[in-house]
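Visitor: Sequence and predicted structure, then a few things I'm wondering about:
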Amino acid sequence: MFVDQVRVYAKAGDGGNGVVSFRREKFVPRGGPDGGDGADGGDVILRVDPHTDNLKAFSYNPRLIAKNGGHGQSYKRHGKNGKQLIAKVPPGTVIYRSPAATVTEAVAMERREEGIDLEPVGDLTDYGEEFILCKAGKGGKGNWQFKSSTNQAPQERTLGTEGEQGVFYLELRRIADAGMVGFPNAGKSTLTGALSAAKPKVASYPFTTLAPSVGVVEFEGFKRCTIADIPGLIEGAHENRGLGHEFLRHITRCGLLLFVLDMGGSEGRDPIEDLQTLRTEIKMYDEELSQFPWMVVANKMDLEDGAANLERFRQRFPKVEVVPISAENGEGLDRLKEILAEKVGKQPKD
């Protein structure tokens, strides 16, 4: 199961209370104050983990509650610090804070289909990066902290403060150097498998790909790039039709968009109309996204009408960079890899 959006409730640990205590021993009947301080609670932290690729774990456990700090004790003993709660998230996780104070309020807003004003508070992209979702409460002071020359037996102490809490929405936006966009059955999954070691599901029916997958393409000179296979779009995807609306967010981080077209017209499609529709959907979804660098991958050139359709396509779009390929039999893949190496290839990080 692939999960790229989830709502969670987070609560950091409360700080422990300081205590009022006085030293009382057999030969020290009137000892001074010795009430210890309370401990700090635990923070709720999100950490980017290289072995996590979606938000599925949060759908099973959407409550992130850290431990409270311990109360102070006599003999000036400090309470035990609350343990942090560290939750693992994949790179590309965007964090939003909900105006709702509780999950019940958040659910009510969702059911009423209100326009929830979510505040973006974090964007985690690098492995090991951390974000404090909720800060812990501070421990209170024991009465020994209030001893002075004029107050030898203080009764004062302070209580621990409450840890932060709130409702948050986590959204995954896959990080890839190049993102493939196209209609169902355009051959994106076949192309992903041909270029990389990724093994997406491939079949002859639409919407075979139900979740975005990322493959790594290796080049000469130890360079590489990542490509994202996005589920097929349909016309009206920006209006939440089909599957595209749910996954268009995953190409907002790509440095290059690859419009994969069925140039052979295997299902009676017109590649010219397909490109115009895809470009329109991208622009309607995000105006800024439509300004990203892009090129066309003309797939299924092994079919009978491929050459004629390509000639007509180039006449209609003479300035568009087009790479003719056949992902099925491997034709043109070497040229495509050369272009990818030039445009988005890079040395892997240590």
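Guide: All right, it came through fine.

Visitor: Name the residues that touch stretch 143-152?
Guide: Outside of stretch 143-152, the residues within contact range by C-beta atoms under 8 Å, 6 or more residues apart in numbering are 18-21, 32-37, 76, 154-157. All C-beta atoms are positioned from the backbone trio N, CA, C, and that covers glycine.

Visitor: just checking, next helix/strand downstream of the lowest-mean-pLDDT helix or strand in the chain?
Guide: Here the helix or strand of the chain ranked lowest by mean pLDDT, DSSP states H and E is helix 244-247, holding a mean of 58. The first helix or strand that comes after helix 244-247 along the chain, using DSSP states H and E, is strand 256-262.

Visitor: Sheet-wise, list the partners of that next one with their directions.
Guide: According to DSSP bridges, strand 256-262 forms sheet pairs with strand 178-181 (parallel), strand 294-299 (parallel).

Visitor: from the chain's centre, how far out does it sit?
Guide: 24 Å (C-alpha atoms, centre = their mean, to the nearest Å).

Visitor: just stretch 149-166 next, same as before
Guide: Stretch 149-166 has its average C-alpha position 40 Å from the chain's average C-alpha position, going by C-alpha atoms, centre = their mean.

Visitor: likewise stretch 301-309?
Guide: Centre-to-centre, stretch 301-309 and its host chain are 39 Å apart (C-alpha atoms, centre = their mean).

Visitor: Can you get me the start-to-end distance on it?
Guide: End-to-end distance of stretch 301-309: 9 Å, with C-alpha to C-alpha, to the nearest Å as the criterion.

Visitor: and what of stretch 103-123?
Guide: The separation between the terminal residues of stretch 103-123, taken as C-alpha to C-alpha, is 22 Å.

Visitor: buried stuff in that stretch?
Guide: The neighbour-count criterion (16 or more other C-beta atoms under 10 Å) identifies 106, 109, 118, 122 as the buried residues of stretch 103-123.

Visitor: Contacts for it, please.
Guide: 7, 9, 46, 62, 93-100, 131, 133, 167-169.

Visitor: which of the strands paired with strand 256-262 is buried the deepest?
Guide: Among the strands paired with strand 256-262, ranked by average contacts under mean count of other C-beta atoms under 10 Å, first place goes to strand 178-181 (a mean of 27).

Visitor: which is the next helix or strand following it?
Guide: On the C-terminal side of strand 178-181, the nearest following helix or strand under DSSP H and E is helix 188-195.

Visitor: the domain parsing of this structure - what is it?
Guide: 5-172, 178-344 (automatic domain parsing).

Visitor: still on that earlier bit, determine which two of the buried residues of stretch 103-123 are furthest apart.
Guide: In the buried residues of stretch 103-123, two members sit farther apart than any others by C-beta to C-beta. They are 109 and 122, at 21.1 Å.

Visitor: was I right about residue 296 contacting residue 322?
Guide: Yes: Residue 296 is within contact range of residue 322, at 4.6 Å (criterion: C-beta atoms under 8 Å).

Visitor: show me what contacts residue 21?
Guide: Applying C-beta under 8 Å, 6+ apart to residue 21 gives the contacts 33-36, 73-75, 142-143.

Visitor: Please export the C-alpha coordinates of stretch 321-335 as CSV.
Guide: Once non-C-alpha atoms are left out, stretch 321-335 reads as follows in CSV (Å, rounded to 0.1, in the frame of the first residue of the first chain):
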residue,chain,number,x,y,z
GLU,A,321,13.1,18.6,-28.5
VAL,A,322,11.9,15.1,-29.4
VAL,A,323,13.7,11.8,-28.8
PRO,A,324,12.1,8.9,-30.8
ILE,A,325,12.4,5.6,-29.0
SER,A,326,10.8,2.2,-28.6
ALA,A,327,10.9,1.2,-24.9
GLU,A,328,9.6,-2.2,-25.8
ASN,A,329,12.6,-3.2,-28.0
GLY,A,330,15.2,-0.7,-26.7
GLU,A,331,15.5,1.5,-29.8
GLY,A,332,16.7,5.0,-29.1
LEU,A,333,17.4,4.4,-25.4
ASP,A,334,21.1,5.1,-25.7
ARG,A,335,20.4,8.5,-27.2
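
Visitor: Contacts made by it with the rest, please.
Guide: When contacts are taken as C-beta under 8 Å, 6+ apart, the neighbours of stretch 321-335 outside the stretch itself are 187, 190-191, 194-195, 263, 295-302, 306, 310, 313-314, 336, 339.

Visitor: So what sits opposite the nearest residue to residue 51 once chain neighbours are set aside in the bridge?
Guide: Leaving out its chain neighbours, the residue that sits closest to residue 51 by C-beta to C-beta, 6 or more residues apart in numbering is residue 88, at 7.9 Å. Per DSSP bridges, residues listed as beta-bridge partners of residue 88: residue 47.

Visitor: What separation is there between residue 88 and residue 39?
Guide: According to C-beta to C-beta, to the nearest Å, residue 88 and residue 39 sit 25 Å apart.

Visitor: One more: residue 165?
Guide: When residue 165 is compared with residue 39 (using C-beta to C-beta), they lie 19 Å apart.

Visitor: Tell me where the stretch 201-350 of the chain has helices.
Guide: If you assign secondary structure with DSSP state H, counting those that start in this stretch, the helices in the stretch 201-350 of the chain sit at 244-247, 271-285, 306-316, 333-344.

Visitor: helices or strands up against the second one?
Guide: When you say that, I think you mean helix 271-285. strand 256-262, helix 306-316 (3 or more C-beta pairs under 8 Å, 6 or more residues apart in numbering; DSSP states H and E).
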